[in-house]
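Student: heads up, no residue letters with this:
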């Protein structure tokens, strides 16, 4: 072995030893910030959830009692049930509307599609607090919605939408529908525009109508986009906080309370930190489970 | 594809109907914002009251809250985008042991609900004296933005040209130089989209500033609006004016750069 090759060998070793820590140097700021202010507190949540603590004094270890409380406390059970109802309004309804809208739009070449896309997406960028304040005015007893109902002779249906035990939760849910539909539609439009035109031409030669085209071609081809849309909107429904905080504060009574609102209320208003973190842990597990299930179904060909 | 004129006409009807459903509530809040403040003002006549805006700005202390929002947003955007570029560069262009695990851990952060970690974080930051400070409000949002930003920048760096990186390396450029003088300048659209999304999410965030500043000393604009609503239940016009002002910065950006917003949110949503 000549001297030259030894040198090359040594410098190569030195380079690989050096390059072993280079990626970690680049990752360090992100890992430190992300670890300290998201991962670490997430771990702490699991720990807190095993204690009874009012946020000030001494804490007592109570094992899984806080989790048992979630099963026993009717108010908490109700909150999770409301979250499920919101999933219908945030995810199922927008998906149905979005499928219809997107398939109509991709069938015909319509002018102004870009403008339309920007308009229906707009609610996604407006702060939820602004959305909530706006819809509070619309739903007000003497607000535009009731005014419109009276104008078209349906005054009997007018009611204080955010003060009614039966209608408040659907009323809040419909705000979610208003926000989420644009996102779902734009996602589906992107997916449908990738479906090869020839498939539709061939189907039409076979004499298929719009409905068959939709079920035989469009729907299977946008499976991936449907999966993504459902994941995003279901998670948004489960995490609803600002909308409920600003429109109803969980009321009237407990008719619109949701898990995230209960977390806030119990931790910072009632001094039940253990129960609050337990609800947070359960919520996280549900979010991950739904992500997993939806993706599993979406991936199955 | 050819469709019948009737179907085409029906499409326009559906399009216009949906556009109206989206724009209707926005028109309601804007018209309320310019409307009379109370019944007696309405009787005096006039439907156009732009003076509601300076008045709401004054009474609702939106000047102070907007400034707080800007400070928090600048801190979150600068720190998280820088950290995301560095981390995304490592994960997107370098091969090393543990890369897969690190990436999965960042992905996890995109899904974790804020509600799950904000309660323990509040109590830990309180011990450190960081609650009721700008940092208490910014740090959790930096952590959340890094999760998405790292994922986003990694995707960009993975698709960037290997030939270009190799050419720069042959010219003797170190990894730092390749990043800042070759890849980042070409990747300006990707970085711009990330900056816009991070800015929007930070500006619109509600739960974190609510929890992290219980005494209200670091109140951001959306929070100011929520508390304004609590205090001025009668003044619909002023409340509406406040709502319009809080939404305006993002809506203006959106109108000019909507492609970046839509592309970012759609592509960011479609994880490989």
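Tutor: The structure has been received and is ready for your questions. Fair warning: this is a prediction, and the values are worked out from it, not measured in the lab. Numbering: from 1, shown residues only, chains lettered A, B, ... in the order given.
Student: For the stretch 101-250 of chain B, which segments count as helices?
Tutor: In the stretch 101-250 of chain B, helices defined by DSSP state H, counting those that start in this stretch lie at B:114-127, B:134-159, B:162-170, B:175-177, B:184-186, B:188-204, B:207-212, B:221-231, B:236-269, listed in chain order.
Student: Dump those into a markdown table; add distance to residue A:274, mean neighbour count and mean pLDDT as well.
Tutor: For glycine as for every other residue, the C-beta is placed from the backbone atoms N, C-alpha and C. Shown next, in a markdown table, are those (distance: least, Cβ to Cβ, whole Å; neighbours: other Cβ atoms under 10 Å in any protein chain shown; pLDDT from 0 to 100):
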| stretch | distance to residue A:274 | mean neighbour count | mean pLDDT |
| --- | --- | --- | --- |
| helix B:114-127 | 10 | 22 | 96 |
| helix B:134-159 | 21 | 24 | 96 |
| helix B:162-170 | 51 | 12 | 90 |
| helix B:175-177 | 47 | 15 | 92 |
| helix B:184-186 | 46 | 13 | 94 |
| helix B:188-204 | 30 | 20 | 96 |
| helix B:207-212 | 17 | 24 | 97 |
| helix B:221-231 | 27 | 22 | 92 |
| helix B:236-269 | 35 | 20 | 93 |
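Student: can I get those in TSV with distance to residue B:43?
Tutor: Compiled in TSV, those are given as follows (distance: least, Cβ to Cβ, whole Å):
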stretch	distance to residue B:43
helix B:114-127	47
helix B:134-159	44
helix B:162-170	70
helix B:175-177	69
helix B:184-186	60
helix B:188-204	38
helix B:207-212	39
helix B:221-231	25
helix B:236-269	15
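Student: for these, which one sits closest to residue B:11?
Tutor: The closest of these to residue B:11 is helix B:236-269. By Cβ to Cβ, the value is 20.7 Å.
Student: tilt between that closest one and helix B:221-231?
Tutor: With axes from the mean of the first three to the mean of the last three Cα atoms, to 10 degrees applied, the angle from helix B:236-269 to helix B:221-231 works out at 150 degrees.
Student: Are helix B:236-269 and chain A in contact anywhere?
Tutor: Yes. Using Cβ under 8 Å from any Cβ of the partner chain, helix B:236-269 reaches chain A at B:236, B:239-240, B:242-244, B:246-247, B:250-251, B:254, B:258, B:261-262, B:265-266, B:269.
Student: which stretches of the stretch 151-300 of chain A have low pLDDT?
Tutor: Scanning the stretch 151-300 of chain A for pLDDT under 70 picks out A:300.
Student: near chain B, which residues of it?
Tutor: A:178, A:182-183, A:186-187, A:190, A:197, A:200-201, A:224-225, A:228, A:232, A:235, A:238-239, A:241-242, A:245-246, A:259-260, A:263-264, A:267-268, A:273, A:276-277, A:279-281, A:283-284, A:287-288, A:291.
Student: Need phi/psi at residue A:61.
Tutor: phi -70, psi 130 (degrees, to the nearest 10).
Student: follow-up on the earlier one: would you write a ChimeraX line that selects the buried entries of the residues of the stretch 151-300 of chain A next to chain B?
Tutor: To isolate the buried ones among those in ChimeraX, judged by 16 or more other Cβ atoms under 10 Å in any protein chain shown, type:
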select /A:178,182,183,186,187,190,200,225,228,232,235,238,239,241,242,245,246,259,260,263,264,267,268,273,276,277,279,280,281,283,284,287,291
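Student: residues near residue 57, how many?
Tutor: As the question left the chain open, I've gone with chain A. When neighbours are counted by other Cβ atoms under 10 Å in any protein chain shown, residue A:57 registers 8.
Student: not what I meant, chain B
Tutor: 18.
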